[in-house]
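Student: how would this look folded up:
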Amino acid sequence: MATAFCSLNMLGSGLSQLNDYNLKKKHTIFTRSCLHSRRLFGSSLNAEKVSPGTNGRVEVKHCPQAFPSNNASVNEEDKEENISKATLIWRAIKLPIYFVAFIPLTVGSAAAYFETGIFSWWRYSLLLISSVLIITWLNLSNDVYDFDTGADKNKLESVVNLVGSRMGTIVAAYALLLLGFMGLAWVSFEARNMRAILLLACAIIFGYIYQCPPFRLSYQGLGEPLCFAAFGPFATTAFYLLQGSGSQMMHLPFTGSILSASLLVGITTTLILFCSHFHQIEEDRAVAKMSPLVRLGSKRGSGVVQLAIAGLYVLAFAFGISRALPITCIFFCAFTLPVARLVVSYVQENHNDKHKIFMAKYFCVRLHSLFGVALAAGLVVARTATKLSIPRLAFS
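Tutor: This is a model prediction of the structure:
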């Protein structure tokens, strides 16, 4: 009897040990499975803890924070990888950015119409096509040279990364530059205005030294000043001269209206470039691309956006009061204030969110487009409504 009791006792003890072993094994397998799931799905996955309970039962406890939240980089990579091919192609094309070709030409043409009452559709069309070709060169060559320095290493929408050919991209870029410049030169020679082609050549040179070796002045934080000068005073004024060259006054004076309008266009264009760097501050810093946002940080950069937009409207109002611009320009530009407030609030709320702040440059494109159209509309209306004609400041 005693022998049988001892045997049952030993058997019970053995079963208890076997049960404990199985529970530990299950716990180990579950833990490994959860760790594997965490690698796949990131830190948002909740865990369940398996532990041996009383009376041989298994207790399962829900642990919502069993895993540390140190997988932000994994989540960010997953978000990037989940972007569709169509979205990446859309980003690479950067269609909204081509408004930076449309607005300087439209405002410059409107200023010429304000001065002379003349507008040439065929010149406008040819200049627009040529400008779009040159903007395409800027975008493609920028992707190539940022690819060379490593700034676009993780940029999925880079044209070089999408196409897979650096050489093909750079050849296409300079072919488009050549075609675009030929169009600009042809209009300038036909209009017999050498001042215009010199201004446009300066704008293109500024675009080259902004991003191309051996200069790459954008890496020194000088991209925004170059952008302001190229698209504002140089390009806008050149288009003004070309559109007004068919008038009796073959060489238009540099009036207060075109100088004021070109400054405003330069500010809105530069805002687009400035905000396009918010989402890539770390990448730029890693390759020593010292853009203004790398130097300032995103928080102070959001303050710069607020000050720049406030300055834009203060300048527009001052130009209207001083009669450098018609009062109609101020009236139409006032309607763009809601978009300006949207840009400021969006940047201030999302400057630390790398994925959301990506859209800031597109909001700036919207402001740039609407403000430029409003400015041009004010100039055209001021010319057509004779009773609103206002004396202009002229600089010969």
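Student: where exactly do the strands run in the stretch 51-200 of the chain?
Tutor: Counting by DSSP state E, counting those that start in this stretch, one finds strands in the stretch 51-200 of the chain at the ranges 58-63.
Student: wait, doesn't Val287 sit right on Gly150?
Tutor: Yes. Counting by C-beta atoms under 8 Å, Val287 touches Gly150, with 4.9 Å between them. No exception for glycine: its C-beta is placed from N, CA and C like everyone else's.
Student: Can you pull out the low-pLDDT segments for the protein?
Tutor: When the per-residue scores of the chain are filtered using pLDDT under 70, the ranges that remain are 1-82, 85-86, 88, 91-92, 152-157, 246-251, 386-396.
Student: Go ahead and flag the most central residue of it.
Tutor: Ser276 (3.0 Å; C-alpha atoms, centre = their mean).
Student: Mind listing what's buried along the helix or strand hosting Tyr346?
Tutor: Using DSSP states H and E, Tyr346 maps to helix 337-350. Neighbour-count burial for helix 337-350 flags Val339, Ala340, Val343, Val344, Tyr346, Val347, Asn350 (criterion: 16 or more other C-beta atoms under 10 Å).
Student: which residues of the stretch 151-300 of the chain fall in helices?
Tutor: With DSSP state H, counting those that start in this stretch, the ranges of helices along the stretch 151-300 of the chain come out as 159-163, 166-191, 194-211, 223-229, 235-244, 256-275, 281-286, 292-296, 298-321.
Student: Buried residues in the third one, which are they?
Tutor: Within helix 194-211, the residues that qualify as buried are 195-197, 199-204, 206-208, 210-211, counting by 16+ other C-beta under 10 Å.
Student: What of the longest one?
Tutor: Neighbour counts using 16+ other C-beta under 10 Å place 166, 169-170, 172-173, 176-177, 180-181, 183-184, 187-188, 191 of helix 166-191 among the buried residues.
Student: Give me the helices and strands touching that helix, please.
Tutor: Applying 3 or more C-beta pairs under 8 Å, 6 or more residues apart in numbering; DSSP states H and E, we find helix 166-191 packed against helix 121-149, helix 159-163, helix 194-211, helix 235-244.
Student: cool, the fifth one as well?
Tutor: Here helix 235-244 touches helix 99-116, helix 121-149, helix 166-191, helix 194-211, helix 256-275, going by 3+ C-beta pairs under 8 Å, 6+ apart.
Student: Distance-wise, check the residue nearest to Thr237 when sequence neighbours are not counted relative to Val343.
Tutor: Of all residues not flanking Thr237 in the chain, Ser262 sits nearest, at 5.3 Å (C-beta to C-beta, 6 or more residues apart in numbering). According to C-beta to C-beta, to the nearest Å, Ser262 stands 21 Å off from Val343.
Student: can you tell me which of the helices and strands packed on helix 166-191 comes nearest to Ser84?
Tutor: helix 159-163 (12.5 Å; C-beta to C-beta).
Student: Mind giving me the packing neighbours of that closest one?
Tutor: helix 85-93, helix 121-149, helix 166-191.
Student: same thing but 6 Å
Tutor: helix 121-149, helix 166-191 (3 or more C-beta pairs under 6 Å, 6 or more residues apart in numbering; DSSP states H and E).
Student: Output those helices as a markdown table; include the columns distance to Phe363.
Tutor: Output for those, formatted as a markdown table (distance: least, C-beta to C-beta, whole Å):
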| stretch | distance to Phe363 |
| --- | --- |
| helix 121-149 | 19 |
| helix 166-191 | 27 |
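Student: of all these, which lies closest to Leu271?
Tutor: Leu271 lies closest to helix 121-149 among the helices and strands packed on helix 159-163, at 16.5 Å (C-beta to C-beta).
Student: returning to what we had before: didn't the residue nearest to the centre of the chain look like it was pressed against Ala360?
Tutor: No. With contact defined as C-beta atoms under 6 Å, Ser276 does not count as touching Ala360 (7.9 Å).
Student: and stretch 127-141, which residues are buried?
Tutor: Judged by neighbour count using 16+ other C-beta under 10 Å, the buried positions of stretch 127-141 are 127-128, 130-141.
Student: err, stretch 281-299, not the other one
Tutor: For stretch 281-299, a neighbour-count test (16+ other C-beta under 10 Å) marks Ile281, Glu283, Asp284, Lys289, Ser291, Pro292, Leu293, Val294, Ser298 as buried.
Student: re earlier: for the residue nearest to the centre of the chain, which non-adjacent residue is closest in space?
Tutor: Here the nearest residue to Ser276 in space, its sequence neighbours aside, is Lys361; by C-beta to C-beta, 6+ apart that works out to 4.2 Å.
Student: ditto for Gly372
Tutor: Leaving aside its sequence neighbours, Gly372 sits nearest to Ile103 (C-beta to C-beta, 6+ apart; 3.5 Å).
Student: Tell me the spacing between that neighbour and Leu273.
Tutor: In this structure, Ile103 and Leu273 are 14 Å apart, going by C-beta to C-beta.
Student: For these two, indicate the residue with more neighbours.
Tutor: Neighbour tally, Ile103 and Leu273, criterion other C-beta atoms under 10 Å: the higher count belongs to Ile103, 25 against 22.
Student: Quick check: that one touching Ala374?
Tutor: No. Ile103 lies out of contact with Ala374 (C-beta under 6 Å); the separation is 10.6 Å.
Student: Pull the contacting residues for Val347.
Tutor: By C-beta atoms under 6 Å, 6 or more residues apart in numbering, Val347 lies in contact with Ser302, Val305, Ala360.
Student: List the buried residues in stretch 302-315.
Tutor: Of the residues in stretch 302-315, those with enough neighbours to count as buried (16+ other C-beta under 10 Å) are Ser302, Val304, Val305, Ala308, Ile309, Leu312, Tyr313, Leu315.
Student: Gly244: which of these is nearest?
Tutor: Relative to Gly244, and with distances defined as C-beta to C-beta, the nearest of these is Leu315, at 23.7 Å.
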